[in-house]
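Participant: With the sequence up front, the predicted model follows.
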Amino acid sequence: MEPASQASQQSESRLATILIIFVLALVVLGVIAYALWGLLAITMIGLVATMAVFGVLIAYAAGF
């Protein structure tokens, strides 16, 4: 295997940073939603997460 190029490593690092920021933003939004709506927010978050996983599985099966 060839060592990864500098551009490839920077691209992967940038993508990892974006994903971590996105996950942290979702956690903050979840905490705010829980503070506003209580246990109903957990149900809504669970439903949205289920739909997101389902969408990812469909995209993977379609070859994206």
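Facilitator: Sure thing, it's come through. What you are looking at is a predicted structure, and each value in this text was computed from that prediction instead of being measured. Residues are numbered from 1 along each chain as shown.
Participant: which parts of the helix or strand of the chain with the lowest mean pLDDT are buried?
Facilitator: Within the chain, no helix or strand scores below helix 6-37, which has a mean of 90 by mean pLDDT, DSSP states H and E. If you call a residue buried by 16 or more other CB atoms under 10 Å, then helix 6-37 has these buried ones: residue 30. Backbone N, C-alpha and C define where each C-beta goes, glycine included.
Participant: Tell me, how many residues neighbour residue 64?
Facilitator: 7 (other CB atoms under 10 Å).
Participant: roughly how far is the least confident helix or strand of the chain from the heart of the chain?
Facilitator: For helix 6-37, the distance from its own C-alpha centre to the chain's C-alpha centre is 7 Å (CA atoms, centre = their mean, to the nearest Å).
Participant: Which other helices and strands does it contact?
Facilitator: Using 3 or more CB pairs under 8 Å, 6 or more residues apart in numbering; DSSP states H and E as the contact criterion, the neighbours of helix 6-37 among helices and strands are helix 39-62.
Participant: and the helix it packs on with helix 6-37, angle?
Facilitator: Relative orientation of helix 39-62 versus helix 6-37 (axes from the mean of the first three to the mean of the last three CA atoms, to 10 degrees): 150 degrees.
Participant: Does anything pack onto helix 39-62? Which helices or strands?
Facilitator: Helices and strands touching helix 39-62, as assessed by 3+ CB pairs under 8 Å, 6+ apart, comprise helix 6-37.
Participant: Would you point out which residue is most central in this structure?
Facilitator: Here the mean C-alpha position of the chain is nearest to the C-alpha of residue 23 (CA atoms, centre = their mean), at a distance of 5.3 Å.
Participant: quick one: it from residue 29, how far?
Facilitator: Relative to residue 29, residue 23 is positioned 11 Å away (CB to CB, to the nearest Å).
Participant: Then residue 42?
Facilitator: Where residue 29 is concerned, residue 42 sits at a distance of 13 Å (CB to CB).
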